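Q: generate a structure from the sequence data that follows.
(one chain, ligands or ions: 1)
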Amino acid sequence: MGGDTMDTVEQLRAELLAAAAAAADLKALDDVRVAALGKKGRITGLMKGLGQMDPDARKAAGQALNVLKEEVAAALDARKNALDAVALDARLSEERVDVTLPARPESLGAIHPISQTIDEVIAIFGEMGFTVAEGPDIEDDWYNFTSLNIPREHPARQEHDTFYLPNETVGPDGVPGRVVLRTHTSPVQIRTMLSNKPPVRIIVPGRTYRCDYDATHSPMFHQVEGLMIDEKTHMGHLKGALIDFCRAFFEVDDLPVRFRPSYFPFTEPSAEVDIGCTREGGQFRIGHGDDWLEILGCGMVNPKVLENCGIDPAKYQGYAFGMGVERLAMLKYGIPDLRTFFESDLRWLRHYGFSSLDVPAMVGGLSI
Ligand code: PHE
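A: Numbering: from 1, shown residues only. Predicted coordinates for the structure are as follows:
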């Protein structure tokens, strides 16, 4: 039986090694393992038969079977590694990422028209030498009103539809007053003049608040304030700067601009600025025409305001102006309803938004 066993071992080796090498997947390979080495496997069966052999034959057959068992186990391992490697390669090629593709083109964001408009205004005045200043949204009565020559009983206080907060502060004039959400960016004029010596040339973009809500008013809106203080500053400087601004902002070189007398407590004289347009039905077009659109308020800084900030009006004069950012954006970009600015409707944002890569600048264009 010894010789027979040896023949059987040889035959089995050839058969099992071939079966292991040919296994097409892990399941087939496991079937080969069970058929050879499992409880009822063929090698296991031969091992069990060793007991019936005489000692010499048993020893030779036992050694041969052990070698066979190891060889088959090694062959199964090798095939398993090969199959694993093939599976890994397949998975890697399936999950491959093309790193040369642009990053998530489908989720590009857009710059909100408010930010775009503020950036455009800053770009224009930046070119004229103005720098950006900021102040708090929550203001003391003194900064928002009194220092700007709007006394307590002044009707302008009612016009501003102020949001009052519950707490009171005592102003630099020693009089207590309610804390407010600033109704305009003009208090930043005061803060700047108190902390900086003239000359002053600032532009102040920021949020402002008034208790009002309809298609042209929102309780929170944005203004850009401008302030220029120097010796010998006069109305001609104010007109020149604002005419240049209007033409640059609306990108119409010969845009008609007119100054219409008006009243603000903190400027004297004061004016409102209109730009030319044509109107047909509800539609208008900015440029030459027989109609006008009001776009900002301005004037020479009232000497009383300079005095409130410790600046000598005999030596220094200045001009100031203020404009509503939403209104500028609506006029320039044809946006019909103010309320839509703050609804965060993605379709609106995609439609009216601007590319973050097109930074507004006088060189290269404000809006593209
Ligand atoms: N503060 C004014 C307003 O909110 C605008 C303005 C600013 C007018 C500066 C003149 C000078 O209506």
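Q: pLDDT weak spots in this protein?
A: Counting by pLDDT under 70, the chain contains low-confidence residues at 1-3, 105-107, 159, 368.
Q: ok, the residue of the chain found nearest the ligand - contacts?
A: At 2.6 Å from the ligand, residue 322 is the closest residue in the chain, using CB to the nearest ligand atom. Backbone N, C-alpha and C define where each C-beta goes, glycine included. Listed by CB atoms under 8 Å, 6 or more residues apart in numbering, the contact set of residue 322 reads 184-186, 223-226, 296-298.
Q: one more time with 6 Å, if that's ok
A: Shown here is residue 322, whose contacts under the criterion CB atoms under 6 Å, 6 or more residues apart in numbering are 223, 225, 297.
Q: that one: helix or strand, and which one exactly?
A: Element membership of residue 322, judged by DSSP states H and E, is strand 317-324.
Q: and that strand, which strands flank it?
A: Based on DSSP bridges, the pairing partners of strand 317-324 within the sheet are strand 220-230 (antiparallel), strand 291-301 (antiparallel).
Q: could you dump the ones you listed into CSV with distance to the ligand and mean neighbour count added?
A: Rendered in CSV, the data for the strands paired with strand 317-324 read as follows (distance: least, CB to the nearest ligand atom, whole Å; neighbours: other CB atoms under 10 Å):
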stretch, distance to the ligand, mean neighbour count
strand 220-230, 6, 22
strand 291-301, 3, 20
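Q: after the strand holding residue 322, which helix or strand is next?
A: Tracing the chain C-terminally past strand 317-324 and defining elements by DSSP H and E, one meets helix 325-333 next.
Q: what's that following helix in contact with?
A: Judged by CB under 6 Å, 6+ apart, the contacts made with helix 325-333 from elsewhere in the structure are 113-114, 117-118, 221-222, 338, 341.
Q: next, the contact list for residue 199, please.
A: Applying CB under 6 Å, 6+ apart as the definition, the contact partners of residue 199 turn out to be residue 230.
Q: from residue 19, how far off is it?
A: Residue 199 sits at a distance of 94 Å from residue 19 (criterion: CB to CB, to the nearest Å).
Q: and residue 61, by the same measure?
A: Taking CB to CB as the measure, residue 61 falls 22 Å from residue 19.
Q: quick one: the strands in this protein, in order.
A: Under the criterion DSSP state E, the chain contains strands at 131-132, 138-140, 164-170, 176-181, 200-209, 220-230, 257-264, 267-280, 283-286, 291-301, 317-324.
Q: need the CA coordinates for the third one. CSV is fine.
A: Translated: strand 164-170. Provided in CSV are the C-alpha atoms of strand 164-170 (Å, rounded to 0.1, in the frame of the first residue of the first chain):
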residue,chain,number,x,y,z
TYR,A,164,-34.2,101.9,20.3
LEU,A,165,-32.6,99.4,22.6
PRO,A,166,-33.6,99.3,26.3
ASN,A,167,-30.3,100.5,27.8
GLU,A,168,-29.2,104.1,28.2
THR,A,169,-25.7,105.7,28.0
VAL,A,170,-24.4,109.1,28.9
